[in-house]
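S.K.: Structure of the sequence below:
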Amino acid sequence: MNKIKLILPVFLFSFVLVTAQPASKVLPTKQQLAWHENEFYLFMHFGPNTFTDLEWGHGTEAEDLFNPTDLDCRQWCRVAKAAGAKGIIITAKHHDGFCLWPSKYSTHTVRESKWKDGKGDVLKELSQACKEYGLKFGVYISPWDRNHPQYGTPGYNDVFVNMMKEIFQNYGPIWELWWDGANGEGPNGKKQVYDWHRFESTVRQLSPKTVVFSDIGPDIRWVGNESGFAGKTNWNYLDTAGFARGAGGPSQDTLNQGNVNGHNWIPAECDVSIRPGWFWHASEDSKVRSPQNLFDLYLKSVGRGANLLLNVPPNRKGLISAEDSIALAGFKTLRDEGFAANLLKQARSYYEFTDRDISSNQLQLRVLDPASTAYSVNLQNFVMELPSPTKMNCIILREAIHLGQSIRKFRIELFNGKNKVGELNGTTIGHKRIMTFPAQTITSFRVHTEDRGGNDNITGVAAYLLPDELVEK
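M.R.: A predicted model of the protein is given here:
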């Protein structure tokens, strides 16, 4: 068949409107789409464990142990903002049951501590600081409570619901609510039967725009590890029927990769700590991840279509330690410099397809206003042609996920003139796929995509030359 070239204006790496048919009946909500765009934000584990050097508190710790004499949530937000993070999720209540707000439904809270003579409220200070600095505010609240006397009885479900009501009503808006499935014994030696249906209904009623994280969502899923990486194949779909939070969840491999034919849009979030532990420990000040290591985590999380939730724990003073702040600043510099210059700005792009493709109407093209930077396209087998030989080692693709996720396989062929000098192969794309490779000087590259239903929807492409030491190994 004769090949036909259709020249298009170059589409720069940005989210654009696509009017092709949805690739799937399972689509993300507006809140989930906004969540995808946030990409990177901070987790903050903070509480009695900060002062006891424990990771899981026993629930018997004296409230007076919690005394961050120099607590400054505005400093947390300055560090987060400088790192390019979009928000902060705080451990409002960990497994030990200690509440960082003066809850009416517990006697194990900041109210009973000597911090600020019992008048302090971490959630109030942090929610206000996030608003001041334009950061999103999220809350982790563990259902397990090793302190509360009602844990292990039906009455504790009332307690947990009331605690969530306090948080949403007094400290909102809450952008993301974080549940884990921990279910151990309480002070009476019993385990709790959680009323998850009621918990979810409460959140939807109080704050329908909040996205909820757990092993099985309903909005965001655990990625299956605490090492900060998503699967090289990473579907935003997940089947949850027959599964439960915690020990009854899907396998870690399934959580890491998702389900290609899953019935729910539940994308992956990669939680990982900047230190070996989740809470601050002085002995780990010399073990903070380097900027280069954080960049590698970024490639393996955001670069595989997931979001990166990086834990940065405040110290006993109530501040982000200098070691962590320096690493975060270096991480931001690497991202800013590495992705500063899109090498495709002067490139031209065009489709390359056959008469059969046209007659079977497999490829649809709708171009909007040529003066606009938003091109409505459905791309299949397209070419990016550079004005001169260009050295690069990173190519980024984005999929039109508001239409679902459909691309199951792609291939990028690199050319220098007529000579093919390299080939990159991958499976899923999703929100963003970052492919790195040994640097090559090229004049063009061709992108071939395969799709579950014949509707490939690439909305963005970019290319960069990263420092060699940042290329994913």
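S.K.: Please tell me how far residue 305 sits from residue 404.
M.R.: 13 Å (C-beta to C-beta, to the nearest Å). The way it works is simple: take the backbone N, C-alpha and C, and place the C-beta from them, glycine included.
S.K.: neighbour-wise, which of these two wins?
M.R.: Neighbours were counted for residue 305 and for residue 404 using other C-beta atoms under 10 Å; residue 305 has more, 28 against 22.
S.K.: Touching, the more buried one and residue 426? I think so.
M.R.: No: between residue 305 and residue 426 there is no contact under C-beta atoms under 8 Å: 10.5 Å.
S.K.: which neighbours do those two share?
M.R.: Common neighbours of residue 305 and residue 426 (criterion: C-beta atoms under 8 Å, 6 or more residues apart in numbering): residue 433.
S.K.: Do you have the helices of the stretch 251-400 of the chain handy? List them.
M.R.: Listed in chain order, the helices of the stretch 251-400 of the chain (DSSP state H, counting those that start in this stretch) span 252-257, 291-301, 322-338, 355-359.
S.K.: do the same with the stretch 1-150 of the chain
M.R.: In the stretch 1-150 of the chain, helices defined by DSSP H, counting those that start in this stretch lie at 30-38, 49-52, 73-82, 122-133, listed in chain order.
S.K.: for the closest residue to residue 467 other than its chain neighbours, what are its contacts?
M.R.: Excluding its sequence neighbours, the residue lying closest to residue 467 (C-beta to C-beta, 6 or more residues apart in numbering) is residue 338, at 7.0 Å. By C-beta under 8 Å, 6+ apart, the contact set of residue 338 is 295, 394, 464, 466, 467, 470.
S.K.: I'd like the distance between the second one and residue 335.
M.R.: When C-beta to C-beta is applied, the distance between residue 394 and residue 335 equals 12 Å.
S.K.: Same check on the last one?
M.R.: Here residue 470 is placed at a distance of 10 Å from residue 335 (C-beta to C-beta).
S.K.: who touches both of those two?
M.R.: What both residue 470 and residue 335 touch, as defined by C-beta under 8 Å, 6+ apart, is the set residue 295.
S.K.: Now for the residue most central in space within the chain: which residues touch it?
M.R.: The centre of the chain sits closest to residue 307, judged by C-alpha atoms, centre = their mean, with a distance of 1.8 Å. Residue 307 is in contact with 35, 36, 38, 39, 40, 41, 220, 267, 268, 269, 270, 301, counting by C-beta under 8 Å, 6+ apart.
S.K.: For the third one, which non-adjacent residue is spatially closest?
M.R.: In this case it means residue 38. Spatial nearest neighbour of residue 38, excluding adjacent residues (C-beta to C-beta, 6+ apart): residue 86 at 4.1 Å.
S.K.: what about that neighbour, how many neighbours?
M.R.: Residues lying near residue 86 (other C-beta under 10 Å) number 19.
S.K.: same deal with residue 470?
M.R.: Neighbour tally, residue 470, other C-beta under 10 Å: 19.
S.K.: From residue 431, how far off is the residue nearest to it when sequence neighbours are not counted?
M.R.: Nearest residue to residue 470 in three dimensions, chain neighbours excluded: residue 295, at 5.4 Å (C-beta to C-beta, 6+ apart). Here residue 295 is placed at a distance of 18 Å from residue 431 (C-beta to C-beta).
S.K.: now do residue 115
M.R.: Residue 115 is 40 Å from residue 431, where distance means C-beta to C-beta.
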